[in-house]
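>>> Got a predicted structure here, sequence first:
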Amino acid sequence: MSSRTELRPRRAAVFSLHTSPLEQPGTGDAGGLNVYVVRTSAKLAEMGTEVEIFTRATSSDIPPVAQLAPGVTVRTLLAGPFEGLDKNDLPSQICAFAAGAMRVEARHDPGYYDVVHSHYWLSGQVGWLARQRWGVPLVHTAHTLAKVKNASLAAGDTPEPMVRVVGEEQVVAGADRLVANTEFEAAELVGRYDADPDAVDTIPPGVDLDRFTPGDQAAARARLNLPADAVVLGFVGRIQPLKAPDVLLKAAAELLARTPSLRDRLVVLVVGGPSGTGLERPRVLQDLAADLGISDVVRFLPPQRGDDLAAVYRAVDVLAVPSYNESFGLVALEAQACGTPVVAAAVGGLPVAVGDGVSGVLVPGHGTGQWADALGSLVQNPRRRAELAAGTTAHAARFSWERTAEALLDTYARAKMAFDASPRIEEVTA
């Protein structure tokens, strides 16, 4: 039998139908999945596997082919109108997207792609077809799961539809290998989706340890026009009920009610844009801040990228990640890499991304009192905050995109072995 090294692919087709790696994370449907696709693709290419990413066109200004990094090509396919479609409308465009991907592959000799890696269930549906048409293994990463999200909905949020649940079940059954971000997610795939435990690989995402590093907090605050002596609580992410930025605002109001003198020093920095069901009320947080009487301490910034995002992490004293569900929580890891402790909800992959009592604090719920207690214990205790900050970089250093990509190459090799051992369609229908 060939070794796994010999089975590593020369070229991988990566499907990201619902959000493009060219888009800015933190708004619309762009988030951690985008970062994951960009960073892993670049590292895979550095390791010798050429990557072609297939995504859907959302603007006429986007070129059909673009180079994202050396060895990484983005192919933007026409599938439905550029605007006016949200994520729940995209199942209607699976066929058009698949047709576009099939046309690209048809221009090459058979065997041009060695593996398909799909991200999110919509892409998995196309990957399922490509597996059969191209005769290559399918690796699938869900990133989030409908059954898990529906089990922990934020108040007033909309459940994921049955079409997604069924679609996820089909992809789980049809993929040669499944990639989970954490052991928790792996258990959910097995328990809720009947995945074969032997077909699931747990591969934690990474963090850009070159960009996200500790830095001068005073300089970062000057860059963002924040007071040098303020106590700054931060939120970075999409503005939607799932991410629960309202939990931070309500906890901040409770902190001010408990300690009115804190108002002169407290700043709550919210960085991100409306997404998902949050698009229905794009100013919901501004309205909430006004209702809570804390508009004077809350500041809003649009999504930030690169060094500007690193400056945000360095500027805040504590980053809050109060999500109702997270497959991992990349912003928590990025903040810790910058030396900033994190207070996070104890859900999904966050107990892996955050070292409870080492580099941050996990909160077992979303109650205002719980969050005010957790944040207050750090706001009012600089020594404890410093102790956690001292553990952040060592915790973040356990994760890197190099390790993630190396593990993915092993998964691709295992997928190839599983695919070669599986019956072909003609064998099943004979």
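All right, it came through fine. All figures in this text were calculated on a predicted structure; none of them were measured in a lab. Numbering: from 1, shown residues only.

>>> going forward, measure contacts between C-alpha atoms and count neighbours the same way
Fine.

>>> if I look at Ala353, how far off is Leu362?
10 Å (C-alpha to C-alpha, to the nearest Å).

>>> Among the two, which residue is more densely surrounded?
Counted by other C-alpha atoms under 10 Å, Ala353 and Leu362 do not tie: Ala353 has more neighbours, with 29 against 21.

>>> Can I get the helix or strand in which Lys416 is found in CSV? Just the C-alpha atoms.
Lys416 is part of helix 401-421 when elements are defined by DSSP states H and E. Output of helix 401-421 as CSV, limited to C-alpha atoms (Å, rounded to 0.1, in the frame of the first residue of the first chain):
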residue,chain,number,x,y,z
TRP,A,401,-1.9,27.2,10.5
GLU,A,402,1.1,25.2,9.6
ARG,A,403,0.0,22.4,12.0
THR,A,404,-3.6,22.7,10.6
ALA,A,405,-2.4,22.3,7.0
GLU,A,406,-0.1,19.5,7.8
ALA,A,407,-2.9,17.6,9.5
LEU,A,408,-5.2,18.3,6.5
LEU,A,409,-2.6,16.7,4.2
ASP,A,410,-2.8,13.6,6.3
THR,A,411,-6.6,13.7,6.1
TYR,A,412,-6.5,14.0,2.3
ALA,A,413,-4.3,10.9,2.2
ARG,A,414,-6.7,9.0,4.4
ALA,A,415,-9.6,10.2,2.2
LYS,A,416,-7.8,8.9,-0.9
MET,A,417,-7.3,5.4,0.7
ALA,A,418,-11.0,5.4,1.8
PHE,A,419,-12.1,6.4,-1.7
ASP,A,420,-10.0,3.8,-3.4
ALA,A,421,-11.5,1.1,-1.1
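
>>> Could I get the average pLDDT for that helix?
Averaged across helix 401-421, pLDDT comes to 96.

>>> before we move on, what about stretch 56-71?
92.

>>> Take that stretch, keep the C-alpha atoms, and write them as PDB.
Extracted in PDB, the C-alpha atoms of stretch 56-71 (Å, rounded to 0.1, in the frame of the first residue of the first chain):
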ATOM      1  CA  ARG A  56     -19.900  32.400  -6.000                       C
ATOM      2  CA  ALA A  57     -19.800  35.800  -7.600                       C
ATOM      3  CA  THR A  58     -21.500  38.500  -5.600                       C
ATOM      4  CA  SER A  59     -20.400  41.500  -7.700                       C
ATOM      5  CA  SER A  60     -19.700  42.100 -11.400                       C
ATOM      6  CA  ASP A  61     -16.500  43.800 -10.300                       C
ATOM      7  CA  ILE A  62     -15.000  40.500  -9.100                       C
ATOM      8  CA  PRO A  63     -12.700  38.900 -11.700                       C
ATOM      9  CA  PRO A  64     -13.600  35.300 -12.600                       C
ATOM     10  CA  VAL A  65     -10.000  34.200 -11.800                       C
ATOM     11  CA  ALA A  66      -7.700  35.700  -9.200                       C
ATOM     12  CA  GLN A  67      -4.500  34.800  -7.400                       C
ATOM     13  CA  LEU A  68      -5.000  34.800  -3.700                       C
ATOM     14  CA  ALA A  69      -1.400  33.700  -2.800                       C
ATOM     15  CA  PRO A  70       1.400  31.800  -4.600                       C
ATOM     16  CA  GLY A  71      -0.200  28.500  -5.600                       C
END
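
>>> Please identify the buried residues of that stretch?
Arg56, Ala57, Thr58, Leu68, Ala69, Gly71 (16 or more other C-alpha atoms under 10 Å).

>>> Could you list the low-confidence segments of the stretch 201-350 of the chain?
The model of the stretch 201-350 of the chain has pLDDT under 70 over residues 275-282.

>>> hmm, 50 instead?
277-280 (pLDDT under 50).

>>> All the strands of it, residue numbers only.
231-236, 266-271, 298-301, 318-321, 342-345 (DSSP state E, counting those that start in this stretch).

>>> who does the first one touch, helix- and strand-wise?
When contacts are defined as 3 or more C-alpha pairs under 8 Å, 6 or more residues apart in numbering; DSSP states H and E, strand 231-236 packs onto strand 266-271, strand 318-321.

>>> neighbouring contacts of that strand?
Residues outside strand 231-236 that contact it (C-alpha atoms under 8 Å, 6 or more residues apart in numbering): 26, 245, 248, 265-272, 303, 313, 315-321, 331, 379.

>>> same thing with the second one?
The contact list for strand 266-271 (C-alpha under 8 Å, 6+ apart) reads 230-237, 245, 249, 252, 297-304, 316.

>>> give me that answer again for 6 Å
Residues lying outside strand 266-271 but in contact with it, judged by C-alpha atoms under 6 Å, 6 or more residues apart in numbering, are 230-236, 297-303.

>>> swap in the third one?
For strand 298-301, the surrounding residues in contact (C-alpha under 6 Å, 6+ apart) are Val267, Val268, Leu269, Val270, Val271.

>>> that older thread, buried stuff in the helix holding Lys416?
Applying 16+ other C-alpha under 10 Å to helix 401-421 flags 401-405, 407-419 as buried.

>>> hey, what's Thr73 bridged with?
Glu52, Gln67 (DSSP bridges).

>>> roughly how far apart are the closest residue to Ala407 other than its chain neighbours and Ser400?
Leaving aside its chain neighbours, Ala407 sits nearest to Ile203 (6.6 Å; criterion: C-alpha to C-alpha, 6 or more residues apart in numbering). According to C-alpha to C-alpha, Ile203 stands 11 Å off from Ser400.
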